[in-house]
Each structure stands twice: as C-alpha cells, then as structure tokens.
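In: return atomic coordinates for the entry below.
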Amino acid sequence: MIKFFHASLLTVIGAIIVHICVLFLIPYWAKNNIWIELKKSGASYQFVNLDARNSIQKTTDPFFLLKVCRFDLENGPVHLKAMKTNQFWSLAAYTQNGIIFYSLNDRTAPDATLDLIIGKSIQILELKQSKLKNNANSVLIAKNLKKGFVILRIFSPSLLAKKESEAFFSSATCRILNK
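Out: Below you'll find the model as predicted:
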C-alpha cells in the first residue's frame, strides 16, 4: 500500500512540474505565431518569398513555388491580380490567426485569371454600388477582419515551368484598391 501512495505522489509531483513548464513556455510560443513570422518576411501589400526556415515553406510540396502577401483592411480593400497562365495556381486567404477563409485557383477563377478583391462587408457593398467600372470581372470577397494574408502558389515541375512561374509571380500584385 505504501508503494502505491509513493507512486501516486511521484505521479502528482511529475504532473505539477510538467504543467509549470508548459505555463512558462506559453509566452514563448504565443509570440512566435505565423503572423510574427510573416512580418519578418517583408513589407505589407507585396508578394514576398518566405524564408526557407519558415514553417509554411518547410511543409510545401517541392514542385510548388509560393509567395505571401500581408494586408490590413483598415486601409481599404486589397486587390490581388496576376496575368493569365497555363500552369496550375492557387490562392488561399487567411485571417491574422492563420485560419483560412477563402480559396481560389485557376480552375475556379473566372477566365482562369487571378483578379480578387478582399474587403470588409461595408467596403464590398460600396464597391458593388459604385458599379465597379475598372474591376467588373473581379471576384469580391467580404470578410470582417482587420488583418490577413494570402498565399499564392504555382505548380512548377520543371525548369521551363519555373521560368513561367517567375513571370507569373512578377506580374502578381497585392495592393490597396485604387492606389
């Protein structure tokens, strides 16, 4: 019976030590989230390459090239645009916390062209009411959030495809609408 109490006491003490260690590690893990990593990668409103040590880059299929753009909807809607290409591409939009809220690819985009506007509900409503002369073919996404980011990926299985992919990326823009 004494051995049982001794084992139980050691288990409880071990559990307390583990929980205290976890509590001390929370601030470290909280400040190293995806948003902080993306802020280090480059300026907002432009597609940038990720560092090879970035967790997103590490888990990406090696046949895909990717770029990331951060945005802040407090400054206005963000307009994402790129030239048409024959290669497979996809774009995923995320909240600041890394939760995906929209996805688009060359098979689902009108004319297989990236032309997307993300804004708050009121901003998108104003755009629709203004008749969208310059952006008539744009896909409009309303999402009530402050900050977010998009990941643009393109399939690039060969050197020739990589050159085409770089041309696609160089044509890709991420900017505040009408600026």
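
In: how is this protein divided into domains?
Out: 2-31, 43-176 (automatic domain parsing).

In: identify the residues contacting the closest residue to I176 other than its chain neighbours.
Out: Of all residues not flanking I176 in the chain, G76 sits nearest, at 4.8 Å (CB to CB, 6 or more residues apart in numbering). Just so you know, the C-beta spots here come from the backbone N, C-alpha and C atoms, and that holds for glycine as well. Residues in contact with G76 (CB atoms under 8 Å, 6 or more residues apart in numbering) are 119, 123, 176-179.

In: return the subset of the residues you listed lying in helices.
Out: Under the assignment DSSP state H, those contribute Q123 to helices.

In: retrieve the pLDDT associated with the residue lying closest to G98 once chain neighbours are set aside.
Out: Leaving out its chain neighbours, the residue that sits closest to G98 by CB to CB, 6+ apart is I34, at 4.5 Å. pLDDT, I34: 70.

In: is I34 in contact with T95, as I believe?
Out: No: at 10.2 Å, I34 does not count as touching T95 under the criterion of CB atoms under 8 Å.

In: least confident secondary structure element in this structure?
Out: helix 55-58 (a mean of 66; mean pLDDT, DSSP states H and E).

In: residue with max distance from the center of this structure?
Out: Outermost residue of the chain with respect to the C-alpha centroid, by CA atoms, centre = their mean, is M1; its distance is 56.8 Å.

In: that one and T11, how far apart?
Out: To T11, M1 is 16 Å away according to CB to CB, to the nearest Å.
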